[in-house]
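> all I have is the shape, not the residue letters:
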């Protein structure tokens, strides 16, 4: 079917309106009650969903308008986690990030007790499903990501002696949540896995810059390139094993610095382990400079798997022309059938509540992407 080739989607977040950030700050200081704040959030979700619809996005999200960041929100929703500012975790936290040229969100989840199973995205999804007739995607931090982000030698060790124990427990929660989301009609569940994508910048004995930061922040130790890959693969596979009736994808980041020795190297470096992950779709960043050639990774994929191809950048203010996006998408069409290629931005436009990015530019980028999808369908579908 025509509409099932070059499907347009988003990775997750959309910039928050200024008035939502102001409301959050008041709520966080106890100067706004919960019901009033909830009205602001619901209005922001309605606005974001309508903008995605008007831009032409076919599988949409709520823009993560309710979340402090794409990962920190689990600290607000799941008992056993606590959201902490990076300077609270380590007074030198911001300086450590600058030293390694690694940008992380300032508010972070930390495991401070035994984590408990409870719905943590179902409320978001239910509201989004109630205001749109289009297919809905929900994003969830992956167990491997949470292991690196949330296990802290000081705060977590009494409850989870090793980081892997936290990851295994959290994977059970995620599995239950995916089933709950499927059962209410969510079309796509995306596991966010930037820590796996960042391994492109690592070697067997030398971690990438993000793990260097988290080692200093949280006291976790790098296991070696192959061991990290295998652990990430096994955690995801155990989480999603046997779940059907919902499309499951995995998003990996790739924001290489120009001075990186791995600039221009792509996700193919993570094979074969990454290809053995049993997700339906890999949601990948390929618009950013230095991300590599998507065809090199695409040709490794089994026939049943898809790529959610990053075709617009989420940094900078330049709005890509549809023709430029078409050219980016065509890089994988020599190895993938059009029905196996989705189009999306590289990453979220607002991965943290306080990330400043123009909603107007984000909208125009999505609109260009939707126009590019029309051109591609006319060109490749007969």
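Nice, thanks for sending it over. Quantities reported herein were computed from a predicted structural model and do not represent experimental measurements. Numbering: from 1, shown residues only.
> which parts of stretch 36-45 are buried?
Using 16 or more other C-beta atoms under 10 Å as the test for burial, stretch 36-45 gives 37, 40-41, 44-45. The C-beta positions use only the backbone N, C-alpha and C, and glycine is treated the same way.
> residue 270: which of these is nearest?
The closest of those to residue 270 turns out to be residue 45 (C-beta to C-beta; 34.1 Å).
> tell me who's in contact with residue 287.
Residue 287 is in contact with 310-313, 320, 328, 345-346, counting by C-beta atoms under 8 Å, 6 or more residues apart in numbering.
> out of these, which sit inside helices?
residue 328 (DSSP state H).
> by neighbours, which of the contacts of residue 287 wins?
Within the contacts of residue 287, residue 311 tops the neighbour count with 30 neighbours, counted by other C-beta atoms under 10 Å.
> correct me, but it touches residue 369?
Yes - between residue 311 and residue 369 there is a contact at 6.1 Å, judged by C-beta atoms under 8 Å.
> which residues do the two both contact?
With contacts defined as C-beta under 8 Å, 6+ apart, the residues adjacent to both residue 311 and residue 369 are 320, 325, 343-345.
> low-scoring stretches of the chain, by residue?
When residues are selected by pLDDT under 70, those of the chain lie in 1-3.
> could you pull out the strands for it?
Using DSSP state E, the strands of the chain run over 7-8, 59-60, 81-85, 107-111, 135-141, 188-192, 247-252, 281-284, 306-312, 341-345.
> closest to residue 217 out of those?
Among those, the nearest to residue 217 by C-beta to C-beta is strand 107-111 (8.2 Å).
> that closest one: how far from the chain's middle?
Computed by C-alpha atoms, centre = their mean, to the nearest Å, the chain-centroid distance of strand 107-111 equals 16 Å.
> what's the burial count for residue 94?
Residue 94 is flanked by 14 other residues according to other C-beta under 10 Å.
> how much space between it and residue 213?
Taking C-beta to C-beta, to the nearest Å as the measure, residue 94 falls 10 Å from residue 213.
> what does residue 20 give?
Distance of residue 20 to residue 213, given as C-beta to C-beta: 28 Å.
> now do the contacts for the closest residue in space to residue 156 that isn't next to it in sequence.
Leaving out its chain neighbours, the residue that sits closest to residue 156 by C-beta to C-beta, 6 or more residues apart in numbering is residue 111, at 4.3 Å. By C-beta under 8 Å, 6+ apart, the residues touching residue 111 are 80-81, 150-152, 155-156, 159-160, 166.
> partner residues bridging residue 111?
residue 81 (DSSP bridges).
> which parts of the stretch 151-300 of the chain are helices?
163-184, 194-197, 209-218, 225-240, 294-298 (DSSP state H, counting those that start in this stretch).
> which other helices and strands contact the longest one?
It refers to helix 163-184. Judged by 3 or more C-beta pairs under 8 Å, 6 or more residues apart in numbering; DSSP states H and E, the packing partners of helix 163-184 are helix 122-131, strand 135-141, helix 143-150, strand 188-192, helix 225-240.
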